[in-house]
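Asker: Any chance you can model this:
(one chain, ligands or ions: 2)
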Amino acid sequence: MTLISKIEKNSSYLKIVWNDGEESKFNYLWLRDNCPTAHDKDSRHRMFNILEVSNKINPKKYNVNSEGKLEIEWSEGEHTSYYDLSWLRENCYTLKNKKKYVSPYELWDNSLEKNLKSIQIEHDEIINSDEGLIKWLELLHHKGIAIVQNAPTKKESAFKVLNRISHTRETFFKTPFEVINIPKPNNSAYTAHALRNHMDLPWFENPPGYQFLHCLINDAEGGDSSAVDAFAVSDYLRKNEKEIFETLVNVPLKFRDKDYTQESHRSFYAPAISLTKDGDYNDIRFSVATMDALDCHPDIMHTVYKAHHRFGNLLHDDKFQIRFRLEAGDIFSFNNRRLLHGRTAFNPNSGHRHLQGYYMDRDEIIGRLNFLKK
Ligand code: OGA
Ligand code: ZN
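Answerer: Numbers count the residues shown, from 1 in each chain. Ligands and ions are numbered 1, 2, ... in the order given. Below you'll find the model as predicted:
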């Protein structure tokens, strides 16, 4: 049980010594802002506004009361707050900041190819149980890749399993988008050509977080799939080729889409690798097909191209890349801002090939997983 052995008042914070010897600092404004009465019980939005008190607010009186709560009578606003000690301990930012960051990402390389079983999951297991759904979401979040097997092969039938997670993300390619070779295609995916490893739609400010390619039929010669964990490649560069890594993190590249069906020219600048507040990998931007004519400073253009070139080569290196073949009823599911995906060319005269694609925002994957785990 969480208990307090000592409380000490300082100029801007209470110092709490817990019964296990840990010490926490709780700033007064932080405490007042997080008074349990501050939030509406349904929306869980904060109704209290910190601007209603001055930044000099401090405890007039404080103690652990007979119910075991930390009770604080404030110097302003005639208000008393009651805090559960377990809530304080769980949300303590002093202790959180002492902990070493642990990444949720399990990076992988080509050795995954021999262990594809570890990323496969049965369609009906996801439909019929929360355990199945959690397993799928965990694969997507931690490994960035999962292959759902034995899904129905009727058109649009992937909505059912996707809606176990949430709604899909709409784009002008429509949902689902049809990956099939068509005359006068507005995207190189809608041909029989090979696609080198790429991400989809890097020219959006917020490219789709996840992508789901549902294989309805794959009877043509060729059309084998590839995937690479670009976080793993980034990590290799971070550890072994620091200058290239720094360039990829620091210099924004430019991406664009102006296909002939669109009355819109979409374009966005972003670095090839972006990091989180903890220095972990946030997302990747890489697509040879849709990188625009770069316009970075002439003094750095060669350095930028060298870094892009090196990154691109590693992203196709057999040390990192896996290859596999999608079967009818597979849903190749992946983090579109972490993995790059590709396919070999296929011969459209040798048989049919048809995938249907769906996108979903990353918030939907992580939000649903957080909910199901708590
Ligand atoms: C795509 C794509 C891969 C495939 O449609 O974006 O990459 O196997 N397709 O056809
Ligand atoms: Zn693609």
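Asker: ok and the residue in the stretch 151-300 of the chain nearest ligand 1?
Answerer: Relative to ligand 1, the nearest point of the stretch 151-300 of the chain is A189 (3.3 Å; CB to the nearest ligand atom). Bear in mind the C-beta positions are built from the backbone N, C-alpha and C, glycine included.
Asker: and if you look at the stretch 1-150 of the chain?
Answerer: I147 (12.7 Å).
Asker: Return the residues in contact with the residue nearest to the residue of the stretch 151-300 of the chain closest to ligand 1 when sequence neighbours are not counted.
Answerer: Distances taken as CB to CB, 6 or more residues apart in numbering place V179 nearest to A189, at 5.5 Å, with adjacent residues excluded. Contact partners of V179, counting by CB atoms under 8 Å, 6 or more residues apart in numbering, are 189-190, 213, 354-357.
Asker: farthest-separated two in those?
Answerer: Y190 and L213 (13.2 Å; CB to CB).
Asker: more neighbours, the two?
Answerer: Between Y190 and L213, counting by other CB atoms under 10 Å, L213 is the more crowded of the two (24 against 17).
Asker: on that earlier part again, the residue nearest to A189 pairs with what?
Answerer: L355 (DSSP bridges).
Asker: Let the chain start at 46 from now.
Answerer: Let's use 46 as the start, then, which means that last one is V224.
Asker: quick one: pLDDT of it?
Answerer: V224 is assigned a pLDDT of 94 by the prediction.
Asker: And it, how close does it get to L400?
Answerer: Distance, V224 to L400, using CB to CB, to the nearest Å: 4 Å.
Asker: so what sits against both of these two?
Answerer: L258.
Asker: is it fair to say the residue of the stretch 196-345 of the chain closest to ligand 1 lies in a helix?
Answerer: Yes: under DSSP: H, G, I helix; E, B strand; the rest coil, A234 sits within a helix.
Asker: so it makes contact with H243?
Answerer: No: counting by CB atoms under 8 Å, A234 stays clear of H243, with 9.0 Å between them.
Asker: Most proximal residue of the stretch 296-419 of the chain with respect to ligand 1?
Answerer: For the stretch 296-419 of the chain, CB to the nearest ligand atom, closest residue to ligand 1: R388, 3.5 Å.
Asker: can you pull the contacts of that residue?
Answerer: By CB under 8 Å, 6+ apart, the contact list for R388 reads 239-240, 268-271.
Asker: please redo it, this time with the cut-off set to 6 Å
Answerer: 240, 268, 270 (CB atoms under 6 Å, 6 or more residues apart in numbering).
Asker: does it have beta-bridge partners, and which?
Answerer: L240, S270.
Asker: quick one on the thing from earlier: let me have the contacts of R388 in TSV, adding pLDDT and neighbour count as columns.
Answerer: TSV is the format used below for the contacts of R388 (pLDDT from 0 to 100; neighbours: other CB atoms under 10 Å):
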residue	pLDDT	neighbour count
L240	95	21
G268	97	24
S270	98	21
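Asker: Save those residues as TSV, and put in distance to D323 too.
Answerer: Formatted as TSV, these follow (distance: CB to CB, whole Å):
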residue	distance to D323
L240	33
G268	39
S270	32
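Asker: Go back to the residues you listed and keep what's next to ligand 1.
Answerer: 240, 270 (CB under 6 Å from any ligand atom).
Asker: Where does the record place the domain boundaries for the chain?
Answerer: 49-143, 155-418 (automatic domain parsing).
Asker: Kindly report the residues of this protein close to ligand 1.
Answerer: So the chain meets ligand 1 at 224, 234, 240, 245, 258, 270, 386, 388, 400, 402 (CB under 6 Å from any ligand atom).
Asker: go with 5 Å
Answerer: Counting by CB under 5 Å from any ligand atom, the chain comes close to ligand 1 at 224, 234, 245, 388.
Asker: E68 and V62 touch, don't they?
Answerer: Yes: at 5.3 Å, E68 and V62 qualify as touching, with contact defined as CB atoms under 6 Å.
Asker: Rounded mean pLDDT for the helix ranked longest in the chain, please.
Answerer: For the chain, the helix that runs over the most residues, judged by DSSP state H, is helix 346-359. Average pLDDT, helix 346-359: 98.
Asker: For it, name the packing helices and strands.
Answerer: Using 3 or more CB pairs under 6 Å, 6 or more residues apart in numbering; DSSP states H and E, the elements in contact with helix 346-359 are helix 287-295.
Asker: Which stretches in the stretch 196-345 of the chain count as strands?
Answerer: Remark: strands assigned in the stretch 196-345 of the chain by DSSP state E, counting those that start in this stretch are 222-224, 240-243, 255-263, 266-267, 270-274, 297-302, 311-316, 318-320, 326-329.
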